[in-house]
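Colleague: Here's a sequence, model it:
(chains A and B)
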Amino acid sequence: MGRTGKALLIAAPLAAGTVAVAAARRRAARGPAAHRTHVLTVYKPIDELQATQLPGSLREIADGVEISLRAAPGDRGTEIAVRIPDGSSVTDGDVRRALRETRSLIETGDVLLPSGPATTTPTLLNRPLQTATRKGREGGLL
Amino acid sequence: MKALQWQGVNKLAVGTVPDPELRNPGDMIVRVTKSVTCGSDLHLLGGYIPFMEKGDVLGHEFLGEVVEVGPDVRNHRVGDRVVVSSFISCGNCWYCDQKLFSLCDNGNTNPAITESLWGHAPSGCFGYSHAMGGNAGSHAEYIRVPFADVGAFTVPEAVSDERALFASDSASTGWMGADLGGVKPGDVVAVWGAGAVGQMAARAAVLLGAERVIVIDRLDNRLQQVDRHIGAETINYEKTDVSAELRERSGGRGPDVCIEAVGMEAHAPGPHFGYDQIKQQLRLQTDRPIAVREAIHACRKGGSVFVLGVYAGFVDKFPLGALMNKGLTVRGAQMHGQRYIPMLLDRMAKDELKTEHLATHVLPLDRAPEGYRMFKEKEDGCVRAVFLP
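Modeller: A predicted model of the protein is given here:
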């Protein structure tokens, strides 16, 4: 690869990184985002869910959030909405994890655990990925 | 136990790793007897899917013997000979109920990565990066199989290991392309790629009653396999103008169904290959969509294009105008193995579906790095390398 190619190989990711950082700064400049409502659909009729208390980690954070249930259209089950009130110590990550684990408990009776024991070796390069997957159910868009 | 581990971009080694453990009551442990390379592994090997960690165990298409079952496993016992779907699905969520098993809501322990990248997370897969759950793969002596009652299937006595192995992924994927692509009796079907998945898609189209099935590739040994084992026609794209040839063979209409079984590292003669290659290497696009572009251009008006090849992110010069103005239906999916494996095993038992010819190279697991090199470089006519742990 020629000098121009090498320069592009270095410059392209740097440029993309610069754009991403600038976008993050613009978002941060707008101030802290208000908590929004997290909603997830569970494949179980609402009458079956209302009859019993919601299981798992959603119950553990129930005191710090507002939970509401609504029948999903088209026989898709039940929409569980969770809102974090101002002043609550519950985080968006807590809610995402609780919703995902609760859905799995309701639908399958269990929450899938990652493979184990680990076969991987920590390195400088895979540290960000290991950090992300350590809390794999807390991130994302939910 | 011994396992083939990803050690970095284009670096593989057989190492010693801890034996897998039952982690959930629905798990079982399988002693792997056969495990096979897949073209999509090459995307992990080449660093195109950047969610691998040093030490990850590769492999997602396999067959073996049950050696331990969790307390909730009902359909399997120690000693059963099983073939396992490469995607891990719970069997109870809305997507599983719709038989869209690779979209399962509960089978991926790391949904955040793909949810951020694609908007929603597909299910988990064996040996296919931490974006797909970080599950240890099958190029190993033993493997943990979660949701075992849903994803593992006992192999009938009439089906050999060599044949059943490919029900795990290649045959399921290929069948899905023809099925969800909407192949009907009388159709003309074109399949891009004469690897194992492309061949299985072509065979599925034949069995579903297509009038003509045409497979496109550049490797003569693979096209010869299509001719000999699949019962379909062929086009060598390095020797023939594919679009013109398809028009001619379909009465000027274009194929009714186009199935793309190539993926993000497609090749092509001509300057557009260089263009895509440079953009991909500079990470200005993540995938080379050469075969998808060609399929969309060739497909008849109102026809169907099914994308079976694996893509990770973003592509350039996508022919949206052709898609819209020709009224095409474009679909894609990771494979819904649980939907097809019982039917495929049944067809294998009746000799309607034969796969043994795909295993051109059979090696002990110790020689897996060599097997991947042969597979990647297409050395010695390698179509698939099968490993014996």
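Colleague: contacting residues around the residue in chain A positioned nearest to chain B?
Modeller: Nearest to chain B in chain A, going by CB to the nearest CB, is A:Gly139, at a distance of 3.1 Å. In this view, the C-beta of every residue, glycine as well, is placed from N, C-alpha and C. Listed by CB atoms under 8 Å, 6 or more residues apart in numbering or on different chains, the contact set of A:Gly139 reads A:Gly93, A:Arg96, A:Ala132, B:Ala112, B:Ile113, B:Glu115, B:Ser116.
Colleague: B:Arg74 and B:Asp149 touch, don't they?
Modeller: Yes - B:Arg74 is within contact range of B:Asp149, at 5.6 Å (criterion: CB atoms under 8 Å).
Colleague: Between the two, which is the more surrounded one?
Modeller: B:Asp149 (16 against 10; other CB atoms under 10 Å in any protein chain shown).
Colleague: and that one, helix, strand or coil?
Modeller: helix (DSSP: H, G, I helix; E, B strand; the rest coil).
Colleague: residues contacting the spatially closest residue to it that is not a sequence neighbour?
Modeller: Counting by CB to CB, 6 or more residues apart in numbering or on different chains, B:Asp149 lies nearest to B:Asn75, which is 4.5 Å off, once chain neighbours are set aside. Residues in contact with B:Asn75, defined by CB under 8 Å, 6+ apart, are B:Ala148, B:Asp149, B:Ala152, B:Thr154.
Colleague: for the residues you listed, which one is nearest B:Ala368?
Modeller: Here the nearest of these to B:Ala368, counting by CB to CB, is B:Ala152; it sits at 22.9 Å.
Colleague: What is the neighbour count of B:Lys34?
Modeller: B:Lys34 has 22 nearby residues by other CB under 10 Å.
Colleague: In a helix, it, correct?
Modeller: No - read with three-state DSSP, B:Lys34 is strand and lies in no helix.
Colleague: any chance of the contacts of B:Asn75 in TSV, plus pLDDT?
Modeller: Putting the contacts of B:Asn75 into TSV (pLDDT from 0 to 100) gives the following:
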residue	pLDDT
B:Ala148	98
B:Asp149	98
B:Ala152	98
B:Thr154	98
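Colleague: who touches stretch B:2-22?
Modeller: A:115-119, B:1, B:28-29, B:44-47, B:52-59, B:68, B:70, B:136-137, B:139-144, B:365-366, B:368-369, B:372, B:387, B:389.
Colleague: Could I have the CA atoms of it written out in CSV?
Modeller: Extracted in CSV, the C-alpha atoms of stretch B:2-22 (Å, rounded to 0.1, in the frame of the first residue of the first chain):
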residue,chain,number,x,y,z
LYS,B,2,-8.8,-28.9,23.0
ALA,B,3,-10.4,-26.1,20.9
LEU,B,4,-9.6,-23.9,17.9
GLN,B,5,-9.2,-20.3,19.2
TRP,B,6,-9.3,-17.0,17.5
GLN,B,7,-6.0,-15.3,18.5
GLY,B,8,-6.2,-12.1,16.4
VAL,B,9,-6.9,-11.0,12.8
ASN,B,10,-5.9,-14.0,10.6
LYS,B,11,-4.4,-15.8,13.6
LEU,B,12,-5.8,-19.2,14.7
ALA,B,13,-4.4,-21.8,17.1
VAL,B,14,-5.5,-25.0,18.7
GLY,B,15,-5.2,-24.5,22.5
THR,B,16,-6.4,-26.0,25.8
VAL,B,17,-9.4,-24.3,27.4
PRO,B,18,-11.7,-25.2,30.3
ASP,B,19,-14.4,-27.8,29.7
PRO,B,20,-17.9,-26.1,29.2
GLU,B,21,-20.3,-26.3,32.1
LEU,B,22,-24.1,-26.5,32.4
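Colleague: And the residue of chain A closest to chain B, which helix or strand is it part of?
Modeller: A:Gly139 is part of no helix or strand, with elements assigned from DSSP states H and E.
Colleague: Check B:Val386 too.
Modeller: Residue-wise, B:Val386 maps onto strand B:384-388 under DSSP H and E.
Colleague: strand partners of that strand, parallel vs antiparallel please.
Modeller: Strand B:384-388 has the following sheet partners, assigned by DSSP bridges: strand B:28-36 (antiparallel), strand B:359-364 (parallel).
Colleague: list the buried ones in it?
Modeller: Using 16 or more other CB atoms under 10 Å in any protein chain shown as the test for burial, strand B:384-388 gives B:Arg384, B:Ala385, B:Val386, B:Phe387.
Colleague: from the residues you listed, which is closest to A:Ser89?
Modeller: Taking those together and measuring to A:Ser89 by CB to CB, the closest member is B:Phe387, at 50.6 Å.
Colleague: The closest residue to chain A within the stretch 51-200 of chain B and B:Gln285: what is the separation?
Modeller: Distance from chain A to each residue of the stretch 51-200 of chain B (CB to the nearest CB) is smallest for B:Ala112, at 3.1 Å. Remark: distance between B:Ala112 and B:Gln285 (CB to CB, to the nearest Å) = 24 Å.
Colleague: likewise B:Val292?
Modeller: 12 Å.
Colleague: Between these two, point out the one with more neighbours.
Modeller: B:Val292 (26 against 20).
Colleague: the domain parsing of chain A - what is it?
Modeller: Here the domain parsing of chain A from automatic domain parsing is A:1-33, A:38-112.
Colleague: mean pLDDT lowest for which of the ones you listed?
Modeller: The stretch with the lowest mean pLDDT among these is domain A:1-33, at a mean of 43.
Colleague: ok, which stretches of chain B are helices?
Modeller: B:41-45, B:94-97, B:111-118, B:148-151, B:161-164, B:170-180, B:196-207, B:220-225, B:242-249, B:271-281, B:290-298, B:320-325, B:337-349, B:368-377 (DSSP state H).
Colleague: Just the C-alphas of the third one, formatted as PDB.
Modeller: Included here for helix B:111-118 are C-alpha records, laid out as PDB according to Å, rounded to 0.1, in the frame of the first residue of the first chain:
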ATOM      1  CA  PRO B 111     -28.200  -7.600  23.000                       C
ATOM      2  CA  ALA B 112     -26.800  -4.100  23.500                       C
ATOM      3  CA  ILE B 113     -24.200  -4.400  20.700                       C
ATOM      4  CA  THR B 114     -26.400  -5.400  17.900                       C
ATOM      5  CA  GLU B 115     -29.300  -3.300  19.200                       C
ATOM      6  CA  SER B 116     -27.200  -0.200  18.900                       C
ATOM      7  CA  LEU B 117     -25.800  -1.200  15.500                       C
ATOM      8  CA  TRP B 118     -29.000  -2.500  13.800                       C
END
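Colleague: Which neighbouring elements make contact with that helix?
Modeller: In terms of contacts (3 or more CB pairs under 8 Å, 6 or more residues apart in numbering or on different chains; DSSP states H and E), helix B:111-118 is packed against helix A:127-134.
Colleague: Okay, buried residues for the helix it packs on please.
Modeller: Buried-residue list, helix A:127-134, by 16+ other CB under 10 Å: A:Leu129, A:Ala132, A:Thr133.
Colleague: just stretch B:112-119 next, same as before
Modeller: For stretch B:112-119, by 16+ other CB under 10 Å, it's B:Ala112, B:Ile113, B:Thr114, B:Glu115, B:Leu117.
Colleague: Leaving out chain neighbours, which residue sits closest to the fourth one?
Modeller: The reference is to B:Glu115. A:Gly140 (3.5 Å).
Colleague: For that neighbour, give me its contacts.
Modeller: Applying CB under 8 Å, 6+ apart, the residues near A:Gly140 are A:Arg96, B:Pro111, B:Ala112, B:Ile113, B:Glu115, B:Ser116, B:Ala121.
Colleague: can you pull out the helices in chain A?
Modeller: A:3-29, A:46-50, A:57-60, A:92-108, A:127-134.
Colleague: near chain B too, which of the buried residues of helix A:127-134?
Modeller: Among those, the ones lying near chain B by CB under 8 Å from any CB of the partner chain are A:Leu129, A:Ala132, A:Thr133.
Colleague: could you measure the closest residue to B:Trp175 other than its chain neighbours against B:Ala261, distance?
Modeller: Residue nearest to B:Trp175 in three dimensions, not counting chain neighbours: B:Ala204, with 4.3 Å by CB to CB, 6+ apart. From B:Ala204 across to B:Ala261, the span is 11 Å (CB to CB).
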